[in-house]
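In: Here's my sequence, what's the structure:
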Amino acid sequence: MRVSSVLRDTPFSILDRSRTREGGDGPQALRDTVALAREAEALGYHRFWVSEHHSVPGVAGSAPTVLAAAVAAATSRIRVGTGGVMLPNHRPLVVAEQFGVLEALFPGRIDMGLGRSVGFTGGVRRALGYGKDAAEDFDGQVAELLGWFTGEQPAHPGVHAWPAKGLRPAPFLLATGSGADLAARLGLPLVIGAIRGEDAMLRAVDRYRAGFRPSRWAAAPHVTLSGTVAVAPTPEEARRLLLPEAWSTAYSRTHGSFPPLPPPEAVESRAMTPAERDHFTAALTGHVAGPPDEVAAALTALLTRSAADEYLVTTSTYDRGLLLESHRALATILAA
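Out: Okay, the predicted model is just below:
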């Protein structure tokens with residue numbers, strides 16, 4: 001198989017959400033994440049990121065900086081980070097201290113991916129101590145967080161974020177809503193979803209590049225696309241990899257909570273309500289999935305249209321063995 005230069009020259013990374021599986025539990029999901037990080041490093045992936053979710057039965061990753069420390073300790077070369085820490089849930093000083101510790105322990109390997117989501121439900125938000133309006137000053141929260149690293153904190157004279165002050169974990173902004181415009185104003189690398197709504201994504205990327213202001217964090221725009229990539233010998237097998245996450249998404253849209261991932265055969269035999277079926281069908285669209293040749297062609301086209309600098313693979317499925325096979329197959333494509 002001949003791989004295009006754009007595909008061969010683009011760094012690929014992995015985001016793992018520490019998804020729980022039916023019949024498994026949260027501790028196993030976290031151990032699986034650390035094991036997958038070691039595999040990702042061996043396969044040559046560029047970064048390995050973890051995520052933040054609270055009170056979600058299907059996601060064990062609730063403390064991303066803690067999990068990132070475990071991942072970094074279990075690996076030696078791959079960059080490690082968050083995709084992302086949801087800044088409205090935390091005080092910027094505490095986040096700076098956490099990433100300062102990570103960067104001090106694993107210098108030159110830490111990525112600080114930041115998002116603006118708040119707790120999924122009112123109960124979660126109350127438990128976290130932040131209301132639904134906590135994200136309204138996301139711009140200010142990001143600026144304050146970065147200021148703890150540079151020492152520029154006029155609102156907090158005499159206060160310092162040790163050991164963060166003077167250190168430089170690499171910041172990334174996850175685009176939701178106006179996130180691309182904020183990343184441009186602050187001069188930060190951008191992470192944006194490459195799944196449904198490609199035209200809107202491309203417009204956001206264009207705005208980001210046009211409005212980008214160079215900063216001490218990035219001299220030029222940097223775009224990372226994120227999305228599901230499922231590689232399997234046949235189109236049918238690749239589609240089956242998508243079924244567990246698609247069903248969990250449909251269930252969350254109709255019941256308000258992400259469940260653990262079910263096996264694909266359970267999804268195929270499930271009687272769905274019309275609303276569930278609509279959400280399930282939508283959740284199966286817009287992904288890069290299929291045999292190696294089809295995946296290579298689809299990724300080449302997407303990277304060419306967007307001129308993206310990196311790609312972050314966010315695939316989740318029930319069978320960990322098949323998930324690893326998909327990541328291995330993608331790594332083989334990229335090395336061809």
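
In: mind checking the end-to-end distance for stretch 78-89?
Out: 27 Å (Cα to Cα, to the nearest Å).

In: ok now the lowest-mean-pLDDT helix or strand in the chain, how far from the chain's centre?
Out: One helix or strand of the chain scores below all others by mean pLDDT, DSSP states H and E: helix 122-128, with a mean of 84. Distance, stretch centre to chain centre, for helix 122-128: 23 Å (Cα atoms, centre = their mean, to the nearest Å).

In: same deal with stretch 283-296?
Out: 18 Å.

In: swap in stretch 75-87?
Out: Worked out by Cα atoms, centre = their mean, stretch 75-87 lies 9 Å from the chain centre.

In: May I have the secondary structure class of L312?
Out: Secondary structure assignment for L312 (DSSP: H, G, I helix; E, B strand; the rest coil): strand.

In: in the sheet, who's paired with it?
Out: Listed by DSSP bridges, the beta-bridge partners for L312 are S13, S226.

In: from what I can see it touches P189, true?
Out: No - L312 lies out of contact with P189 (Cβ atoms under 8 Å); the separation is 11.4 Å. Bear in mind the C-beta positions are built from the backbone N, C-alpha and C, glycine included.

In: Wasn't L241 part of a strand?
Out: No - under three-state DSSP, L241 sits outside any strand and is assigned helix.

In: Quick one: the helices in the stretch 151-300 of the chain, in order.
Out: Counting by DSSP state H, counting those that start in this stretch, one finds helices in the stretch 151-300 of the chain at the ranges 179-186, 198-211, 235-255, 264-268, 274-283, 292-306.

In: quick one, which of the ones you listed is nearest to D9?
Out: For the helices of the stretch 151-300 of the chain, proximity to D9 was assessed by Cβ to Cβ; helix 292-306 is nearest, at 9.4 Å.

In: Not counting its neighbours along the chain, what's nearest the spatially most central residue of the chain?
Out: Nearest to the geometric centre of the chain sits G83, at 3.8 Å (Cα atoms, centre = their mean). Of all residues not flanking G83 in the chain, W49 sits nearest, at 3.8 Å (Cβ to Cβ, 6 or more residues apart in numbering).

In: And the pLDDT at the one you found?
Out: Per-residue confidence (pLDDT) for W49: 98.

In: Show the contacting residues for it.
Out: Contact analysis of W49 by Cβ atoms under 8 Å, 6 or more residues apart in numbering lists 13-16, 68, 80-84, 111, 113, 312.

In: Would you mind giving the secondary structure of it?
Out: strand.

In: quick one: it from G61, how far?
Out: Per Cβ to Cβ, to the nearest Å, W49 is found 10 Å from G61.

In: Show me the common contact partners of these two, please.
Out: Shared contacts of W49 and G61, counting by Cβ under 8 Å, 6+ apart, come down to D16.

In: about what we covered before: hey, what's the residue nearest to G83 bridged with?
Out: Going by DSSP bridges, W49 forms beta bridges with L15, G81.

In: picking that back up, out of the helices of the stretch 151-300 of the chain, which is the most enclosed?
Out: Among those, ranked by average contacts under mean count of other Cβ atoms under 10 Å, first place goes to helix 179-186 (a mean of 21).

In: and the direction of that one versus that of helix 198-211, what angle?
Out: Relative orientation of helix 179-186 versus helix 198-211 (axes from the mean of the first three to the mean of the last three Cα atoms, to 10 degrees): 10 degrees.

In: what about helix 179-186, distance to the chain center?
Out: With Cα atoms, centre = their mean, you get 18 Å for helix 179-186.

In: Could you point out which of the contacts of W49 is nearest to V56?
Out: Closest to V56, out of all of the contacts of W49 and judged by Cβ to Cβ, is D16, at 14.6 Å.

In: Residue ranges in the stretch 51-200 of the chain under the pLDDT threshold?
Out: Within the stretch 51-200 of the chain, the ranges that satisfy pLDDT under 70 run 177, 195-197.

In: quick one on the thing from earlier: for the residue nearest to the centre of the chain, phi and psi?
Out: Here is the backbone geometry of G83 (degrees, to the nearest 10): phi -140, psi 60.

In: Isn't it up against V50?
Out: Yes - between G83 and V50 a contact is recorded at 7.1 Å, counting by Cβ under 8 Å.

In: Spit out the residues that contact those two alike.
Out: L15.

In: in the least confident helix or strand of the chain, what's buried?
Out: V124, R125, L128 (16 or more other Cβ atoms under 10 Å).

In: nearest to H279, of the residues you listed?
Out: V124 (21.4 Å).

In: so how far is W148 from the residue lying farthest from the centre of the chain?
Out: Going by Cα atoms, centre = their mean, the residue of the chain most distant from its centre is G158, 35.0 Å out. Per Cβ to Cβ, G158 is found 13 Å from W148.

In: Over to L322?
Out: 42 Å.

In: more neighbours, these two?
Out: Higher neighbour count among L322 and W148: W148, with 25 against 17, using other Cβ atoms under 10 Å.

In: contacting residues around that one?
Out: Going by Cβ under 8 Å, 6+ apart, W148 touches P92, L93, A96, E97, G100, H160, A161, A164, K165.

In: Would you mind giving the secondary structure of it?
Out: Applying three-state DSSP: W148 is helix.
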